[in-house]
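Novice: Pasting the sequence and the predicted coordinates here, then a few questions.
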Amino acid sequence: MLRRLIESPYPLWLLLALPGAVIIVRYATGATFYGEVVLATGDLSAKLLIATMAVTPLTLMFPGRPWVRYVLRRRRYLGVAAFGYAALHTVVYLLRKETFGLILDEGAEPGLLTGWIALVIFAVLAITSSDAAVRRLRRLWKRLHRWVYVAAILTFVHWVMEAFDPLPGLIHLAVLATLEGFRLWKTNRGSRRQPT
């Protein structure tokens with residue numbers, strides 16, 4: 001029974017959705033304000049993006065560990081949740097701006113344009129994150145989902161350019177760069193050891 005519960009996706013989805021539910025309720029009741037919601041949703045989206053992209057480096061650091069295998073099987077959940085918080089971040093922004101003209105004007109600014117492009121890429125990746133999409137797209141699926149690297153760079157450029165304090169964005173970017181640097185180093189070292 002416990003094993004079935006652990007293997008079920010529902011506890012993880014509940015855990016991933018809980019912060020969003022708290023943010024929405026607090027914003028709707030006036031317990032928190034616009035700036036806090038935008039900051040919290042953007043922060044959660046970026047952290048979940050890092051967690052999604054960290055899975056491969058973690059499998060290289062801790063091969064065969066049960067908790068790594070658990071996360072590896074559910075990596076797509078983390079990615080979809082990252083998109084969900086990015087979408088919530090965007091919806092709160094749109095509701096605040098109200099007028100389409102203002103949204104278009106601000107959207108042309110580099111800091112916001114990078115965010116919009118990242119969101120579009122995330123939307124495509126989230127839509128194609130189902131098992132059916134993996135089967136239908138086959139080899140194209142992996143190539144398509146490599147666009148997460150472009151989306152990640154754009155996300156952190158957006159964060160650094162739009163934040164009152166860019167330091168947290170730079171720190172998160174450094175964490176992601178370190179993890180990806182380790183992945184590249186480990187992968188290249190492994191390929192050089194292959195017999196020719």
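Specialist: Received it, and whenever you're ready, just let me know what you need. Numbers count the residues shown, from 1 in each chain.
Novice: could you give the mean pLDDT of stretch 154-169?
Specialist: The average of the pLDDT scores along stretch 154-169 is 89.
Novice: What of stretch 11-29?
Specialist: The model assigns stretch 11-29 a mean pLDDT of 93.
Novice: Check stretch 103-110 too.
Specialist: Mean predicted confidence for stretch 103-110 is 86.
Novice: residues in contact with that stretch?
Specialist: The contact list for stretch 103-110 (Cβ atoms under 8 Å, 6 or more residues apart in numbering) reads 94, 97, 112-113, 116, 161. To be clear about C-beta, it is placed using only N, CA and C from the backbone, and glycine gets the same treatment.
Novice: Check stretch 152-170 too.
Specialist: Residues from elsewhere that reach stretch 152-170, judged by Cβ under 8 Å, 6+ apart: 42-43, 45-46, 49, 53, 86, 110-112, 114-115, 117-118, 121, 172-173, 176.
Novice: Show me which residues of it are buried.
Specialist: Applying a neighbour-count criterion of 16 or more other Cβ atoms under 10 Å, one finds 152, 154-163, 169 buried in stretch 152-170.
Novice: Check stretch 95-114 too.
Specialist: 112-114.
Novice: returning to what we had before: out of the contacts of stretch 103-110, which sit inside helices?
Specialist: 94, 97, 112-113, 116, 161 (DSSP state H).
Novice: Turn those into TSV, including distance to Arg69.
Specialist: Output for those, formatted as TSV (distance: Cβ to Cβ, whole Å):
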residue	distance to Arg69
Leu94	39
Lys97	44
Leu112	39
Leu113	39
Trp116	36
Met161	38
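Novice: Closest one of these to Tyr34?
Specialist: For those, the residue nearest Tyr34 by Cβ to Cβ is Lys97; the value is 10.5 Å.
Novice: Please, which helix or strand holds the closest residue to that closest one other than its chain neighbours?
Specialist: If the residues on either side of it in the chain are set aside, Lys97 comes closest to Ile103, at 5.1 Å by Cβ to Cβ, 6 or more residues apart in numbering. Per DSSP states H and E: Ile103 is located in helix 100-107.
Novice: Using CSV, write out every CA atom in that helix.
Specialist: What follows is helix 100-107, C-alpha atoms only, in CSV (Å, rounded to 0.1, in the frame of the first residue of the first chain):
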residue,chain,number,x,y,z
PHE,A,100,-3.1,45.2,-24.0
GLY,A,101,-1.3,48.3,-25.2
LEU,A,102,0.8,48.5,-22.0
ILE,A,103,1.6,44.8,-22.1
LEU,A,104,2.8,45.2,-25.7
ASP,A,105,4.9,48.2,-24.9
GLU,A,106,6.5,46.6,-21.9
GLY,A,107,6.9,43.3,-23.8
